[in-house]
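Visitor: sequence unknown, structure follows:
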């Protein structure tokens, strides 16, 4: 499990932490490690910019962003190359699932707006592990959506730096990166590498501080 230095209320799983979306034992174990409630809120991820405010644990509606002010309700996304992006505010948190479609559609900006509209403007964004520009081969139809974040793979083909694209949306916030590429770092599940249905998690919760 990855706990960003100096930041309470945010954690990212690795493959060895199991898939809490499917495995209750993995979720309970992670919750015990993090000292948070064992029931988490999820959404039906569809690569959109929709944001919801769940009222309880379990799988909610189709969306790719969540916010909460409830200290008893961790909010989580499942990823295996897409970015888990946590937003930290005073008395609230947000979590976004940002693949290239969600990033291009502004899911992180939409999550920031949802927090701000409820009186909790975020001060920090934490961009979790996802596929890096070193390995995220795309065609021009994708790269053209990210003109400021075009890159090249390790083998010289067109790529996009999704973490940089997300960071470019959050001007004025403190940005923390978890520097890991899920494609070539064997600690993580990668759909592009293995075609796996397994996922690691990103989870955020409102702390008592």
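Guide: Happy to help now that I have it. Everything quoted here is computed from the prediction, not taken from an experiment.
Visitor: with adjacent residues omitted, what lies nearest to the spatially most central residue of the chain?
Guide: Nearest to the mean C-alpha position of the chain, counting by Cα atoms, centre = their mean, stands residue 84 at 1.1 Å. Closest residue to residue 84 apart from its sequence neighbours, by Cβ to Cβ, 6 or more residues apart in numbering: residue 202 at 2.5 Å. All C-beta spots, glycine's among them, are computed from the backbone N, C-alpha and C.
Visitor: before we move on, the earlier item: okay, the residue nearest to the centre of the chain: pLDDT?
Guide: Note on residue 84: pLDDT of 97.
Visitor: so it is in which element?
Guide: Using DSSP states H and E, residue 84 falls within strand 83-89.
Visitor: neighbouring strands - and their directions - for that strand?
Guide: The strands beside strand 83-89 in its sheet (DSSP bridges) come out as strand 92-98 (antiparallel), strand 122-127 (antiparallel).
Visitor: just to revisit the earlier point, tally of neighbours for the residue nearest to residue 84?
Guide: The tally of other residues near residue 202 (other Cβ atoms under 10 Å) stands at 29.
Visitor: just grab the bridge partners of it for me.
Guide: residue 12, residue 77.
Visitor: just checking, residue 38 touches residue 27?
Guide: Yes - the pair residue 38 / residue 27 is scored as a contact, 6.3 Å apart, by Cβ atoms under 8 Å.
Visitor: the two: which is more packed in?
Guide: Comparing residue 38 with residue 27 by other Cβ under 10 Å, the one with more neighbours is residue 27, at 23 against 14.
Visitor: which residues does that one contact?
Guide: Neighbour list for residue 27: 18, 20-21, 38, 40 [criterion: Cβ atoms under 8 Å, 6 or more residues apart in numbering].
Visitor: check residue 52 too.
Guide: 43, 60-61, 63, 65-67.
Visitor: for residue 152, state which of the contacts of residue 27 is nearest.
Guide: Nearest to residue 152, judged by Cβ to Cβ, of those is residue 21 at 33.2 Å.
Visitor: can you turn the buried part of the contacts of residue 52 into a ChimeraX selection?
Guide: Selection of buried members from the contacts of residue 52 for ChimeraX, criterion 16 or more other Cβ atoms under 10 Å:
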select :43,60,63,65,66,67
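Visitor: shaky segments in this structure?
Guide: 209 (pLDDT under 70).
Visitor: as TSV, the contacts of residue 52 with secondary structure would be great.
Guide: Formatted as TSV, these follow (DSSP: H, G, I helix; E, B strand; the rest coil):
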residue	secondary structure
43	strand
60	strand
61	strand
63	coil
65	strand
66	strand
67	strand
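Visitor: taking the contacts of residue 52, tell me the two that lie furthest apart.
Guide: Pairwise distances across those peak at 13.8 Å for 61 and 67 (criterion: Cβ to Cβ).
Visitor: start from the N-terminal end of this protein and give the helices.
Guide: For the chain, helices defined by DSSP state H occupy the ranges 24-34, 100-105, 107-117, 140-143, 162-167, 191-194.
Visitor: can I get those helices in CSV including distance to residue 14?
Guide: Shown next, in CSV, are these (distance: least, Cβ to Cβ, whole Å):
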stretch, distance to residue 14
helix 24-34, 11
helix 100-105, 22
helix 107-117, 23
helix 140-143, 27
helix 162-167, 18
helix 191-194, 14
